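# Sequence unavailable; structure follows:
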């Protein structure tokens, strides 16, 4: 009689946040057992580790015995640089160091479209490739560039495989006209994370994180190569959003550049 294989144990940092809440509900359906970590209490998760990423003992405890990490923790918007430095930059470095020490070999990193936020929409109407050079639009975007480059370093130096997800707008429903292009549904987010945890990966891989949106202008081919099969499309919300908000003019940053209104922050 064969011994049943235990579910893969995945450390989910930032488990109390918006995306973390979606994944706590959906990832177990793919056969994962989650260990939750957040600096805030995680509702409904009495076994969650409540600590800061800069607490080395808490991170070591969190990493013990895990098969992979989904790293969402950090500030998810623009903030003063010292705050971004502590939470997103130093915090990600400490997470990778703890993973290296524990022998963890797969991380899914929540990057962002804001890592390339000042990149302009392709003039020919084509799709923006993941090879697009980094052009952060904020300190927040800069921290995501750091996270991607940190992942590349730890892949080359320590053999830790990372899939960096340049997530667009992961919400229950799109709220703006821009999100008709950038929306990532919660269900598709779980599909993308599952593909990123389970697909063979060589070193560090960057993919865009959006649904199968009719108006998308980011290339999903690298994500599909991992086995990602998005099933949702923001177009079902287009008629209501356009009737209420109208089409975006071509000179509006929400239309013209990847980072949208983030490129105006600090002006």
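That came in fine, so what should we check first? It should be emphasised that the depicted structure is a prediction, and the values quoted were computed from it without experimental measurement. Numbering: from 1, shown residues only.

# Tell me the buried residues in stretch 176-189?
The neighbour-count check on stretch 176-189 (16 or more other CB atoms under 10 Å) flags 176-186, 188-189 as buried. (Glycine included, C-beta is placed from N, CA and C.)

# Which of these fall in helices?
Among the buried residues of stretch 176-189, the members falling in helices (DSSP state H) are 179-182, 186, 188-189.

# which residue ranges form the strands in the stretch 51-200 of the chain?
68-71, 106-112, 161-167, 169-170, 183-184 (DSSP state E, counting those that start in this stretch).

# and which of the buried residues of stretch 176-189 is nearest residue 70?
residue 189 (10.5 Å; CB to CB).

# pLDDT weak spots in this protein?
1-7, 267 (pLDDT under 70).

# At which residues are the helices of it located?
18-26, 56-63, 81-84, 91-102, 139-158, 179-182, 186-198, 221-225, 238-245, 253-256.

# Now distance to residue 122 too, for the strands of the stretch 51-200 of the chain, in a markdown table please.
Putting the strands of the stretch 51-200 of the chain into a markdown table (distance: least, CB to CB, whole Å) gives the following:
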| stretch | distance to residue 122 |
| --- | --- |
| strand 68-71 | 30 |
| strand 106-112 | 19 |
| strand 161-167 | 16 |
| strand 169-170 | 19 |
| strand 183-184 | 19 |
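
# Among the ones you listed, show me which one is buried the most.
strand 183-184 (a mean of 27; mean count of other CB atoms under 10 Å).

# Packing partners of it?
For strand 183-184, the packing partners by 3 or more CB pairs under 8 Å, 6 or more residues apart in numbering; DSSP states H and E come out as strand 169-170.

# partner strands of the strand it packs on, parallel or antiparallel?
Strand 169-170 has the following strand partners under DSSP bridges: strand 183-184 (parallel).

# Other residues contacting the partner strand?
With contact meaning CB atoms under 8 Å, 6 or more residues apart in numbering, strand 183-184 is reached by 167-171, 173-174, 192, 209-211, 213, 232, 234.

# which of those are buried?
167-171, 174, 192, 209-211, 213, 232, 234.

# farthest-separated two in these?
174 and 192 (16.7 Å).

# Which one, of the helices of the chain, ends up nearest to residue 266?
With CB to CB, the closest approach to residue 266 among the helices of the chain belongs to helix 139-158: 8.9 Å.

# For that closest one, which helices and strands make contact with it?
On the basis of 3+ CB pairs under 8 Å, 6+ apart, helix 139-158 makes packing contacts with helix 81-84, helix 91-102, strand 106-112, strand 161-167, strand 204-209.
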